[in-house]
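> Give me coordinates for this.
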Amino acid sequence: MAAEPNPKRAVAFFDGQNLYRRAKAVFGHPAVRYPNYDVFQLAQTICGSQGWNLDQVKFYTGVPDAVVDPVGRRFWDNKLAAMRRNPQVKVYSRSLRYQNETITVPDCPACGTAQSDISRYRAREKGIDVRLALDVVSLALDKAYDVALLFSQDQDLSEVADEIRTIARRQARWIKIASAFPDRPGLLGNVGINRTDWLPFDQATYAACIDPTDYR
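Here you go, the predicted model:
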C-alpha cells in the first residue's frame, strides 16, 4: 500500500444547491431562501476536525435568470463576487434552465376556490454535477490533493469515488475521498455518498459557519 501522507492536502468541492437544500431539510430552516453558509469557513472547520490542511475550495451552483428572479440573481451575483475575493475559493456557475409545467390546485371549500390548473416555471440545474465530477478527477490526476472533500449527498458522485481509487492505484499513492453533510440525532436514512468516507456535521457546526451578510 502507498504511504499515507502527513500532513494531508485537501480540496473541498461544494455542490452549492445540494448542500443548501439538505441543510434546510435537516436543520429545519424553511424560511431561509438562499444558501447562508460561508463556504471557506465550513470547509476549514471540517478539514480542521480531521487534521487536514485545506488547500482550496471549489464551489458550484446554478444561478437564476435576472428576468425570472431578479432578487435571486442579485443575491448570487453579490455572493459569488464576495467569494471570488478569497484567492483560495474558485467558483463555477451556470444559468438555471426553466421549464413550463402545469400543476393542479385542488378544491378549497374554505377558501371558496375550485380545482384549477396553473402554469409555472420550474428551474433546473444542468451540468453542475458533471463539472464537479470532472474537476475531482482532473485534480486527482494532477496530484493536487490527498483528500477530496465533497459537500454533497448526490449519489451520482459515487462513480467518481471509484475513479479516484483507480487513479490512486495507477499513481501508487494514497488518496481519500469523503463526503460531508448535515445531520441530526434520530434522523434515519440520511447518508453520505456511497463508497466515500462519511463526515456528518451537526447544526452547531453549521451555525458557527453562517455568513451573516444579506447579499440581496
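
> Shouldn't R170 be within a strand?
No - counting by DSSP: H, G, I helix; E, B strand; the rest coil, one finds R170 to be helix, located in no strand.

> The longest strand that the chain contains pairs with which strands, parallel or anti?
Of all the elements of type strand in the chain, the one with the most residues (DSSP state E) is strand 52-63. Listed by DSSP bridges, the sheet partners of strand 52-63 and their directions read strand 8-15 (parallel), strand 89-95 (parallel).

> got the angle between whichever helix or strand comes after it and strand 8-15?
Tracing the chain C-terminally past strand 52-63 and defining elements by DSSP states H and E, one meets helix 70-84 next. In this structure, helix 70-84 runs at an angle of 170 degrees to strand 8-15, with axes from the mean of the first three to the mean of the last three CA atoms, to 10 degrees as the basis.

> for the record, mean pLDDT for helix 70-84?
Within the predicted structure, the mean pLDDT of helix 70-84 is 95.

> which strands and helices sit next to that helix?
Of the remaining helices and strands, those touching helix 70-84 by 3 or more CB pairs under 8 Å, 6 or more residues apart in numbering; DSSP states H and E are strand 52-63, strand 89-95. In this view, the C-beta of every residue, glycine as well, is placed from N, C-alpha and C.

> For A207, find the nearest of those strands.
strand 52-63 (19.4 Å; CB to CB).

> Tabulate the helices and strands packed on helix 70-84 (a markdown table), appending mean pLDDT.
As requested, those are exported to a markdown table (pLDDT from 0 to 100):
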| stretch | mean pLDDT |
| --- | --- |
| strand 52-63 | 97 |
| strand 89-95 | 94 |
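
> Out of those, which one sits most buried?
Highest mean neighbour count of those: strand 52-63, a mean of 21 (counted as mean count of other CB atoms under 10 Å).

> my guess is Y34 meets R74, correct?
No - taking contact to mean CB atoms under 8 Å, the distance of 10.4 Å between Y34 and R74 leaves them out of contact.

> Kindly point out which residues are neighbours of both of the two.
Listed as contacting both Y34 and R74 by CB atoms under 8 Å, 6 or more residues apart in numbering are 215-216.

> Next, the contact list for P35, please.
Contact partners of P35, counting by CB under 8 Å, 6+ apart, are 16-17, 19-20, 61, 79.

> just for this protein, where's the confidence low?
Per-residue confidence of the chain (counting by pLDDT under 70) places the weak regions at 1, 30-31, 97-126.

> Now do the strands in it.
Counting by DSSP E, the chain has these strands, from start to end: 8-15, 52-63, 89-95, 97-105, 116-124, 147-151, 176-182, 197-201.

> Just send those back as CSV, with distance to L157 too.
Shown next, in CSV, are those (distance: least, CB to CB, whole Å):
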stretch, distance to L157
strand 8-15, 8
strand 52-63, 12
strand 89-95, 15
strand 97-105, 21
strand 116-124, 18
strand 147-151, 6
strand 176-182, 8
strand 197-201, 13
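
> Please identify which of these is closest to D162.
The stretch from these with the least distance to D162 (CB to CB) is strand 176-182; that distance is 9.6 Å.

> Mind listing the strands the closest one pairs with, and their directions?
Applying DSSP bridges, strand 176-182 is found paired with strand 147-151 (parallel), strand 197-201 (parallel).

> which one of the ones you listed lies closest to A2?
Scanning the strands paired with strand 176-182 with CB to CB as the criterion, the closest one proves to be strand 147-151, at 13.8 Å.
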